[in-house]
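# How does the following fold in three dimensions:
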Amino acid sequence: MTKKYLNNPKRLCDSLAENLRFLHEQNFEDCPILDHSERYLKKVEKNASIKHSNLDFVNNYNIRTTEEAYDYIENKKLLLKNDTLLHGDYCLPNIILDNWKFKGFIDLDCAGVGDRHIDLFWGAWTLNFNIGTDQYRDRFFDAYGRDRIDVDRLKLVGCCEVFG
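This is a model prediction of the structure:
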């Protein structure tokens, strides 16, 4: 992502949200991976069992320990759905823009049908990481459509990413 885009964070944020919403509205009946959420949770279980963790992913969710994150997952994991076509690694380097015009996505090896909140989590995360501030988080969610966002599922994804 060039400086041209990073120097206009509001426009970049809106573009990121709109392109994600476009992807999430696509028909997925021919997608070969229809159980992304189950695979996602299996990876969480595996990494938790070997004590692989990083609490940086729950800074926005008042989770202080890996035990708290894991307990939240155990109590809320049934919230994850398989109802949306996902990118699976939705971050700025994986979105191709040409003079602000959307051209496509790359790095789709984690794509499948799963819960939209996985991509939403990473969309908000990538803005913070690449722009250096979390101030565009709410704008990103508003541009995507806040009515389609469940904060409990976002927190659940954050907790899952602790063991990502």
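# Same question for the helix-or-strand element of the chain with minimal mean pLDDT: list its buried residues.
Lowest by mean pLDDT, DSSP states H and E among the helices and strands of the chain is helix 3-6, with a mean of 93. With burial defined by 16 or more other C-beta atoms under 10 Å, the residues of helix 3-6 counted as buried are residue 5. Where you see a C-beta, it was placed from the backbone N, CA and C, and this is true even at glycine.
# count of neighbours near residue 85?
Other residues near residue 85 come to 21 when the count uses other C-beta atoms under 10 Å.
# Isn't it up against residue 113?
Yes - with contact defined as C-beta atoms under 8 Å, residue 85 reaches residue 113; the gap is 6.0 Å.
# Now do the residue of the chain most remote from its centre against residue 40, distance only.
Within the chain, residue 99 marks the point farthest from the mean C-alpha position, 24.4 Å out by C-alpha atoms, centre = their mean. Note on residue 99: its distance to residue 40, by C-beta to C-beta, to the nearest Å, is 35 Å.
# Could you say which helix or strand holds residue 63?
Take DSSP states H and E as the rule and residue 63 turns out to sit in neither a helix nor a strand.
# residue contacts, it?
Residues near residue 63 by C-beta atoms under 8 Å, 6 or more residues apart in numbering: 55, 69, 72, 155, 158, 159, 162.
# Mind doing that once more with 10 Å?
55, 57, 69, 70, 71, 72, 155, 158, 159, 162 (C-beta atoms under 10 Å, 6 or more residues apart in numbering).
# What is the nearest of the residues you listed to residue 123?
Of all these, residue 123 sits closest to residue 158, with 12.9 Å by C-beta to C-beta.
# SS state for that closest one?
Following DSSP: H, G, I helix; E, B strand; the rest coil, the label given to residue 158 is helix.
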